[in-house]
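Peer 1: what shape does this take:
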Amino acid sequence: MVLAPTRAVGARASSGPPARLVALDVLRLVAAVAVVVYHFTARRTSAWQGAQDVAVPDVVTRWATYGALGPELFFVISGFVILMTAWGRTTAAVVASRIGRLYPSYWVAVLLTGALLLVVWPEGKAVTAGQVAVNLTMLQEVVGVDHVDGVYWTLWTELRFYLLVGLLVLAGVTRRRVLAVALLWPPVAALVAQLGATDLAELLIGDYAPFFGAGMALYLVHRDGHAAAPWLVVLTNTVLAVVLRTSPTVTGLGHITGLEPSRVGVAVAIGLCVALVALVAVIPMPGLDRSWLVASAALTYPLYLVHQYWGLWVISRLVGRVPAWVAVLAALVVSFVLAWAVHRLVEARYAPALRRTAERALVRARDALLERVNAGPRALRAAAVGITAPSGAGVSRPATPSLAPRTTARGGDEPVEDIVRTTRSARRRRAPGSASRPEAP
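Peer 2: The predicted structure is shown next:
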């Protein structure tokens, strides 16, 4: 697959579905592997049975620590990809695509990890069956239940971004609106957090909004070509991300790994999360379109979901019996095998069917809601006609406008405002001596 070069501003975008960017999938796989290596080597864990400082050299820990920034790279990629897939589609289609993409692999991963920690390796982490059940909703943070696996925190962050994109699709996705959201949302979210409105800041993804905003602006560069406005949004969000995340990341990693990373190194790594996606946005990379690479990249999501406790369990079985690098390699192999099984047996088979089912259900729910909304104006109009019409006289009844959404060229479900305009026009016709004038746009 060849990545299309950027076009001049104003060039017409393809009306068909966007091409899948293999380079972004590969980049996401790199981020996932970085997270895996960080969890197996740098993060303090009881799986090493007290031998981690001896088994894992400091130099490995220092470099592997930067793998903890893999989620930040995920967020930039999500800003790019989710906007790309949402452009020109209905809200129901966007929501259904996310349900089909996230839930099948996630359900299996929660059950696999729950079974491991409840039955096979309870000393790995204390969890309960009820906790596993709540985690299946992916909304455990909403009800204050701990994650079965700590990596799930990124999914809650992604869900909040999907909510924002869903609202944008509902309003209609346009270049101007995307620029406005990507530029204004992150600083507003940061300001809300500084003012202490914690619940609202949580909803607005306070600390991580700049990563998504930068990804959204980079998609505009890829889609429409170089222009000052999107690049300014990218730069603004990158600076804001460095300001917001450098100190908390340094402090947190120092506590988790026992070795505080360089502040400059963390700031540069945060900037690289944006820079790497920027390279994909503007530079064609046809050499990455290899079947084995595409197949490997498809394992990213299940690998991220299942690796941590299954890999640490493997390390706990092998520590002291084999060299440390062999234990880590074995954990990597087991993690990839599990990821392959989840992808082939679950994700590839059931994700498309779940997406189609969810979209049909959402469309039916939308149509039922709009039918109920339309019923009110119809009843009022029928009552008004019945009161004003002479007895036995035939009445020509104006059609009640429909509130059913229509998909426009700019994308999204556009509500129809004909009811308001029709009512205003009717009042002017009934008003004695009223002058005819054009309706304001």
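Peer 1: could you check the pLDDT of I283?
Peer 2: I283 is assigned 86 on the pLDDT scale.
Peer 1: give me phi/psi at it?
Peer 2: phi -120, psi 120 (degrees, to the nearest 10).
Peer 1: that one: neighbouring residues, count only.
Peer 2: 11 (other Cβ atoms under 10 Å). C-beta: built from backbone N, CA, C; applies to glycine.
Peer 1: remind me which residues of the stretch 1-150 of the chain are low pLDDT?
Peer 2: Scanning the stretch 1-150 of the chain for pLDDT under 70 picks out 1-20.
Peer 1: what segments of it are helices?
Peer 2: Counting by DSSP state H, counting those that start in this stretch, the stretch 1-150 of the chain has helices at residues 22-37, 52-55, 58-64, 70-86, 91-115, 129-135.
Peer 1: wait, which of these is closest to R378?
Peer 2: helix 91-115 (24.1 Å; Cβ to Cβ).
Peer 1: what is the closest one packed up against?
Peer 2: helix 70-86, helix 129-135, helix 153-171, helix 300-318, helix 324-342, helix 348-388 (3 or more Cβ pairs under 8 Å, 6 or more residues apart in numbering; DSSP states H and E).
Peer 1: please identify the most buried of the helices of the stretch 1-150 of the chain.
Peer 2: Among these, helix 70-86 has the highest mean neighbour count (mean count of other Cβ atoms under 10 Å), at a mean of 24.
Peer 1: the inter-axis angle of that helix versus helix 22-37?
Peer 2: Relative orientation of helix 70-86 versus helix 22-37 (axes from the mean of the first three to the mean of the last three Cα atoms, to 10 degrees): 150 degrees.
Peer 1: run the chain-centre distance for helix 70-86.
Peer 2: Put simply, helix 70-86 sits 6 Å off its chain's centre (Cα atoms, centre = their mean, to the nearest Å).
Peer 1: how about stretch 168-188?
Peer 2: For stretch 168-188 - counting by Cα atoms, centre = their mean - the centre lies 15 Å from the chain centre.
Peer 1: contact partners of it?
Peer 2: Stretch 168-188 is contacted by residues 79, 83, 86-91, 94, 164, 204, 209-210, 212-214, 216-217, 220, 224, 229-230, 232-233, 236-237, 240, 408, 410-414 when judged by Cβ atoms under 8 Å, 6 or more residues apart in numbering.
Peer 1: and the closest residue to F74 other than its chain neighbours, how far is that from V322?
Peer 2: Closest residue in space to F74, ignoring its immediate chain neighbours: A31 at 5.8 Å, by Cβ to Cβ, 6 or more residues apart in numbering. A31 is 28 Å from V322, where distance means Cβ to Cβ, to the nearest Å.
Peer 1: still on that earlier bit, would you show me how to pick out the buried ones of the contacts of stretch 168-188 in PyMOL?
Peer 2: Selection of the buried residues among these in PyMOL, burial being defined by 16 or more other Cβ atoms under 10 Å:
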select buried, resi 79+83+86+87+88+89+90+91+94+164+204+209+210+212+213+214+216+217+220+224+229+230+233+236+237+240+411+412+413
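Peer 1: tell me the pLDDT at the spatially most central residue of the chain?
Peer 2: What sits nearest the mean C-alpha location of the chain, by Cα atoms, centre = their mean, is E158, with 3.7 Å. At E158 the predicted local confidence, pLDDT, stands at 96.
Peer 1: wait, doesn't it sit right on S78?
Peer 2: Yes. Using Cβ atoms under 8 Å, E158 is in contact with S78, at 6.0 Å.
Peer 1: which pLDDT value goes with D289?
Peer 2: On pLDDT, D289 comes in at 76.
Peer 1: ramachandran angles for it?
Peer 2: phi -80, psi 70.
Peer 1: how close does it get to D25?
Peer 2: From D289 over to D25 (counting by Cβ to Cβ), the distance is 11 Å.
Peer 1: cool, L73 as well?
Peer 2: 13 Å.
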